[in-house]
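Visitor: Make a model of this:
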Amino acid sequence: MVLDRDPDADVRDLPGVAVRWVDCRFPFWNCVALTEVGVDAGVLARRLGEAAEVMRGKENPGFLWVFEDLLDEGARAGLTAAAGRAGLERAFPGTGMAVEPLRLAEPSHPDLRFTRVTTDALLTAYADINSRAYDLELADGRDGLGGSALWKSGVFAFLGFRGETPVTCAAAVEAEGRLFVLMVATLPEWERRGYGEAVTRRALYEGVRVTGLTRATLHATAAGAPVYPRIGFRPNSPISFFRWAG
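Guide: Presented below is the predicted three-dimensional model:
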C-alpha cells in the first residue's frame, strides 16, 4: 500500500522496528511498528526511542503501532509511561483479529447496493468516507488514495450505496496467504444500521471467491471491534497506536 502511493516511500526494516512511511497527509499510510517477540522493558525503551526519532524527522503525522502481545508482562505494564519518555502520546487503542476458516454466504443488505471501486470517482468517494469517519480533512484521504491503480484493480474495495449516495465502504487485499481487511468506514450519520458489517462481508466474499483464501485478519478500532465477531473474527492482540507529541 505504501509503495503503491509512492515508490520512493521510506520502507525499511530496522532491528526491531519496521518503517512504512509515505509522508503524505493520510496518517494511516505513515506507519512505524515494533516487530520483536518477547520484548522486555529495557528493549522497549530503546525501540520506542528509535521509532520516535523516525517520526520526529517526518513532515506529516503518522502512527507507531505496538502489538502488545509482542511485549512481556513488565513491558506491557510500563508501555504508556515509556512511550511518554520517548516523546510519544497514545492516540487510540485497537485490536488485532483473525478468522479461519472464513465461511460467508453471498451478502446483502436491504438498504444498500454494493459497487466495487474501479474508477477514480469511486475511489474518491471511498477516500472521502474514510476521511469523514476518522475526522480528517477530505484532502487527507484523497492524498492517500487518489490516483491509485492498485485500489482499482488489486484490492477488493467496495462501496455501499444508499440510493445514489455512497455511505459505507470496506476493502480486503491478499497479503501473505490471507485476506487483510482495511479501511472500513461508514458516514457518521449512517452508523449503527449494520452497513459496515454488510460491506465488509461483501469485500471478503469477493476476496474469497477470487483468491480461494479462507484466513482473514484485520486491525479493529474500538468503534469497529464489536462488528467483526459477527463475521467470525476473534481477537488475538491488543494494539496501541501512538503519535509523536512534539
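
Visitor: what residues are up against the one residue sitting closest to the centre of the chain?
Guide: The C-alpha lying nearest the average C-alpha coordinate of the chain belongs to L182 (Cα atoms, centre = their mean; 4.7 Å). Taking Cβ atoms under 8 Å, 6 or more residues apart in numbering, we find L182 in contact with M1, A171, A172, V173, L218, H219. To be clear about C-beta, it is placed using only N, CA and C from the backbone, and glycine gets the same treatment.

Visitor: so which strand or helix has it?
Guide: Taking DSSP states H and E as the criterion, the element that holds L182 is strand 178-186.

Visitor: before we move on, back to that, in the sheet, who's paired with the residue nearest to the centre of the chain?
Guide: Residues found in beta-bridge contact with L182 (criterion: DSSP bridges) are A171.

Visitor: any idea which of the contacts of L182 is closest to R103?
Guide: Of all those, the one sitting nearest R103 is A172; the distance, using Cβ to Cβ, is 15.0 Å.

Visitor: burial count for the closest one?
Guide: If you count neighbours by other Cβ atoms under 10 Å, A172 ends up with 28.

Visitor: so where is the protein shaky, pLDDT-wise?
Guide: When the per-residue scores of the chain are filtered using pLDDT under 70, no range remains.

Visitor: all helices of it, in order?
Guide: Using DSSP state H, the helices of the chain run over residues 2-5, 41-56, 73-77, 79-85, 120-133, 138-145, 195-211.

Visitor: mind putting those in TSV, distance to F26 and mean neighbour count included?
Guide: Shown next, in TSV, are these (distance: least, Cβ to Cβ, whole Å; neighbours: other Cβ atoms under 10 Å):
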stretch	distance to F26	mean neighbour count
helix 2-5	8	17
helix 41-56	15	19
helix 73-77	29	15
helix 79-85	23	16
helix 120-133	8	20
helix 138-145	3	21
helix 195-211	19	22
